[in-house]
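In: Predicted model and sequence below, questions to follow.
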Amino acid sequence: MIDFVRACCVLALASLVFFSSLCWAVPVPPTPASSGSGSEIELRAFAKAEKTSWMLEGVQRSDTDARDTKTLSFGAYYRLLDAMKVGVFYRRAYGLRHDNDWINPGGAWSWQVTKSRGENILFADATPKIQFKFLPGTNWVGEVKTRYFYNFFNKERSVSIRPGLTYFWLRGDEPFMNFFVQYETDIPLNFSQTSQNEKWLYFGALYQVADFFQIGGVIARHTETWTTSSTFSSLSSNQYSVTDRSVVYSLSAIFQL
């Protein structure tokens, strides 16, 4: 009887060690290169009607880790006050990467390929502006763009806050160029284990080609963080946080219809 009990204990201990080793062996996502670069093309078209401004926006970005992201957004701004506009928009997105995209189909861990996965996103926008007349040149305008996002694909909710400062260079009281700097932080509300899952720092300029057309470029420092996926959590008690940092070069074109 004693030998039987000992055998059971040894078997239980061996099983515990075996399954623990499986948990510890669950691989976390590889840490992306500490630096990388991406490219982006952004097209926007606005059509104004009194206090309403309709917007159509298309963005295509190639980023680190061979990721390609495409988004198409449509909606309208309404000028609530002279220095305040609000808006509601719908976005169709492809290629987004979420925490739970770290999966192990067939036992091999990898990031899920999402370039053909469509996601529907609804977001609201509030943008107050203020003119800084005390700065040199007087043509300085500051704004704080705040957006609330709801993703119908996975029910994720987040808020982005983007303060910015723009200098408008005029020639003979006519628009010529503008230069801007902006900082954006994305705050997850019901997902992620980090307080900021994305951060952007933008430096850009736009040239007024014609009354209806502007073209310009942006250099942005982008940081994105992913934390423990549900698939990983189901196999291990460990946690992880993986951050990707890149520089994104963007070409922008804006049409005023």
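Out: That came through, no problem.
In: what's the residue nearest the centre of the chain in contact with, if anything?
Out: Centre of the chain computed as the mean C-alpha position; nearest residue by C-alpha atoms, centre = their mean is residue 198, 5.7 Å away. The neighbours of residue 198, taking C-beta atoms under 8 Å, 6 or more residues apart in numbering as the test, are 160, 184, 185, 186, 222, 223, 224, 225. (C-beta placed from N, C-alpha, C; glycine too.)
In: Tell me which residues touch the last one, please.
Out: To tie it back to what came earlier, the one meant is residue 225. Residue 225 makes contacts with 192, 194, 196, 197, 198, 241, 242, 243, 244, as judged by C-beta under 8 Å, 6+ apart.
In: Separate out the buried members of those.
Out: In terms of neighbour count (16 or more other C-beta atoms under 10 Å), the buried residues within the contacts of residue 225 are 192, 197, 198, 242, 244.
In: Using TSV, lay out the residues you listed together with distance to residue 257, secondary structure and pLDDT.
Out: Written out in TSV, the entries for those read as follows (distance: C-beta to C-beta, whole Å; DSSP: H, G, I helix; E, B strand; the rest coil; pLDDT from 0 to 100):
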residue	distance to residue 257	secondary structure	pLDDT
192	38	coil	94
197	35	coil	95
198	31	strand	96
242	42	strand	93
244	36	strand	91
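In: Nearest to residue 55 among the residues you listed?
Out: When these are compared for distance to residue 55 (C-beta to C-beta), residue 198 comes out closest, at 21.6 Å.
In: Distance-wise, check the closest one relative to residue 151.
Out: Between residue 198 and residue 151 the computed distance is 14 Å (C-beta to C-beta, to the nearest Å).
In: With residue 228 instead?
Out: Taking C-beta to C-beta as the criterion, residue 228 is separated from residue 151 by 19 Å.
In: In the protein, mark out all the helices, start to finish.
Out: Along the chain, the segments classed as helices by DSSP state H run 2-24, 230-233.
In: In terms of mean pLDDT, which of those helices ranks lowest?
Out: Per-segment mean pLDDT for the helices of the chain reaches its minimum on helix 2-24, at a mean of 47.
In: For residue 133, which non-adjacent residue is spatially closest?
Out: Nearest-residue entry for residue 133: residue 140, 7.8 Å, with adjacent residues in sequence omitted and distances by C-beta to C-beta, 6 or more residues apart in numbering.
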